[in-house]
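A.B. asks: I'd like to go over a predicted model; first the sequence, then the structure.
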Amino acid sequence: MNELLEALTVLEKEKNISRDILFDAIENSLIMACKNQYGKADNVRVDLNRETGEFHVYQLKKVVKEVEDPIMEISTTDAKKISSKYRVGSEAQIEILSKEFGRIVTQTAKNTILQKIREEERHAQYEEYSQELHKIVTGVVQRQVGKSVKVNLGKIDATLTENEMIKGEVLKPTDHIKVYVLEVKEGSKGPQVLVSRTHPELVKKLFESEVTEVRDGIVEIKGIAREAGSRTKIAVYSTDEDVDPVGACVGVNGARVNTIVNELKGEKIDIINWDENPAILIENSLSPAKVISVIADADEKIAKVVVPDYQLSLAIGKEGQNARLAARLTGFKIDIKSETQAREAGDILDYDEYDEYDEDEEYYDENEEYYDENGEYDDPEGDE
């Protein structure tokens, strides 16, 4: 019996399975063995001492004069051989010795126990990795399966699909990478874990792990707009006026942000100050471009931005990326014009007259082009 307890102790530690569950599996396997041996097990009782591991299996049979069902009944003569106390109508307890079971029955009982162990192991793994949902974990690249990559997380392999891979990133076996846990599902062969390298939350969690102020809640990440593998913009805010949120995220000589950039294989990260004033937030979001003026309509979620002529291409960005990410970060459709374009359209007068503009007033021009969060031009008046 000591061997049984030792085996259960090892299973409990290695497989993270409760000993009580293992004892339940043994009891059920013994009952199943009786059912296979005798055809039914309605009258079978298992006494298993969970402290010592000692167990006994009994059949409970009704004492009768004439036996009609040998599985459920026992004659008075046979019952008295077990104990003289048995009388007609009483219930006799007959111990079943495991050696009475055939080889096939014994093997079936063993398989029942093993099956239960496998089920509980899978469930324990599911519970373990469910705790990692929406967190970042470090994994080791294993192999490519079709267009997906298997990433080992310790006890199981997670799936990194093509859509969740950073475009252009080459992953080789044994590479250590950080991934964001998207989904954990129970499966017949164990938990199925889906991970991502492109999700915006990956960037947020990386800042939480690298920046103490973010982890402690002193610096809050108010918004993230990301085009994985290329560029990310994040808006940050400090709850402590003595803490510079951008400086905290950048770190001394860029140490903190560079660690994250390296993890993301060179992805550019713009860190800007968040502001409740949408005009200021939009100005900050177009960094590194300089802005002359912003007129934001909070109700329509439309903003008109004027930049110096030489800053227009920088404000829009390559293939509209800077404007697209700014629109996604702020939630505004952004119309960007150079100073010359704005003057020609009559959108601005002399600088001295800016204070005459009403922030709630809307200015439109049939030639205006607005960037939405998808990087597509969108005329707020609906003109083609």
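C.D. replies: It's in.
A.B. asks: From Asn262, how far off is Ser130?
C.D. replies: Computed as CB to CB, to the nearest Å, the Ser130 to Asn262 distance reads 30 Å. Where C-beta positions appear, they are placed from N, C-alpha and C, glycine not excepted.
A.B. asks: Show me where the stretch 101-250 of the chain has its strands.
C.D. replies: Using DSSP state E, counting those that start in this stretch, the strands assigned to the stretch 101-250 of the chain run over residues 136-145, 148-152, 157-160, 176-185, 192-196, 219-227, 231-238.
A.B. asks: Show the average pLDDT along the fifth one.
C.D. replies: By that I understand strand 192-196. The average of the pLDDT scores along strand 192-196 is 95.
A.B. asks: Format the strands of the stretch 101-250 of the chain as TSV; extra columns: distance to Gln107 and mean neighbour count.
C.D. replies: Formatted as TSV, the strands of the stretch 101-250 of the chain follow (distance: least, CB to CB, whole Å; neighbours: other CB atoms under 10 Å):
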stretch	distance to Gln107	mean neighbour count
strand 136-145	34	16
strand 148-152	34	20
strand 157-160	31	22
strand 176-185	33	18
strand 192-196	31	22
strand 219-227	56	20
strand 231-238	58	22
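A.B. asks: higher neighbour count, Ser130 and Asn262?
C.D. replies: Comparing Ser130 with Asn262 by other CB atoms under 10 Å, the one with more neighbours is Ser130, at 14 against 10.
A.B. asks: right, and that one touches Glu183 too?
C.D. replies: No - using CB atoms under 8 Å, Ser130 is not in contact with Glu183; the gap is 10.2 Å.
A.B. asks: In JSON lines, list the strands of the stretch 101-250 of the chain along with distance to Val44.
C.D. replies: Formatted as JSON lines, these follow (distance: least, CB to CB, whole Å):
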{"stretch": "strand 136-145", "distance to Val44": "46"}
{"stretch": "strand 148-152", "distance to Val44": "44"}
{"stretch": "strand 157-160", "distance to Val44": "42"}
{"stretch": "strand 176-185", "distance to Val44": "37"}
{"stretch": "strand 192-196", "distance to Val44": "38"}
{"stretch": "strand 219-227", "distance to Val44": "61"}
{"stretch": "strand 231-238", "distance to Val44": "64"}
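A.B. asks: Return the distance of the nearest residue to Leu48 once chain neighbours are set aside relative to Val46.
C.D. replies: Closest residue to Leu48 in three dimensions, ignoring its sequence neighbours and counting by CB to CB, 6 or more residues apart in numbering: Phe55, at 4.1 Å. Separation of Phe55 from Val46 (CB to CB): 6 Å.
A.B. asks: what is in contact with these two at once?
C.D. replies: By CB atoms under 8 Å, 6 or more residues apart in numbering, Phe55 and Val46 have these common neighbours: Glu27, Leu30.
A.B. asks: biggest helix in this protein by residues?
C.D. replies: helix 103-130 (DSSP state H).
A.B. asks: Who does the closest residue to Gln321 other than its chain neighbours form a beta bridge with?
C.D. replies: In space, and not counting its chain neighbours, Gln321 is closest to Arg231: 6.1 Å by CB to CB, 6+ apart. Following DSSP bridges, Arg231 is listed with bridge partners Glu227, Lys268.
A.B. asks: which ones are touching Arg231?
C.D. replies: Taking CB under 8 Å, 6+ apart as the criterion, Arg231 is in contact with Glu267, Lys268, Ile269, Asp270, Gln321, Asn322, Leu325.
A.B. asks: Could I have the buried ones of these as ChimeraX selection syntax?
C.D. replies: Entered in ChimeraX, the line below selects the buried ones among those, by 16 or more other CB atoms under 10 Å:
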select :267,269,270,321,322,325
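A.B. asks: Which of the contacts of Arg231 sits closest to Lys81?
C.D. replies: Glu267 (83.2 Å; CB to CB).
A.B. asks: hang on, the closest one packs against Ile166?
C.D. replies: Yes - contact criterion CB under 8 Å: Glu267 and Ile166 qualify, at 7.4 Å.
A.B. asks: residues bridging contact with the two, i.e. touching both?
C.D. replies: Joint contacts of Glu267 and Ile166 (CB under 8 Å, 6+ apart) are Ala228, Gly229.
A.B. asks: Validate this expectation: Lys265 resides in a strand.
C.D. replies: No - using DSSP: H, G, I helix; E, B strand; the rest coil, the secondary structure at Lys265 is coil, not a strand.
A.B. asks: need the contact list for it.
C.D. replies: Ile166, Glu169, Gly229 are the contacts of Lys265 under CB under 8 Å, 6+ apart.
A.B. asks: The last one: neighbour count?
C.D. replies: Counted with other CB under 10 Å, residues neighbouring Gly229 total 18.
A.B. asks: How about it: what's its closest non-neighbour residue?
C.D. replies: Spatial nearest neighbour of Gly229, chain neighbours left out: Ile166 (4.1 Å); criterion: CB to CB, 6+ apart.
A.B. asks: list the contacts for the one you found?
C.D. replies: Arg197, Thr198, Ala228, Gly229, Leu264, Lys265, Glu267.
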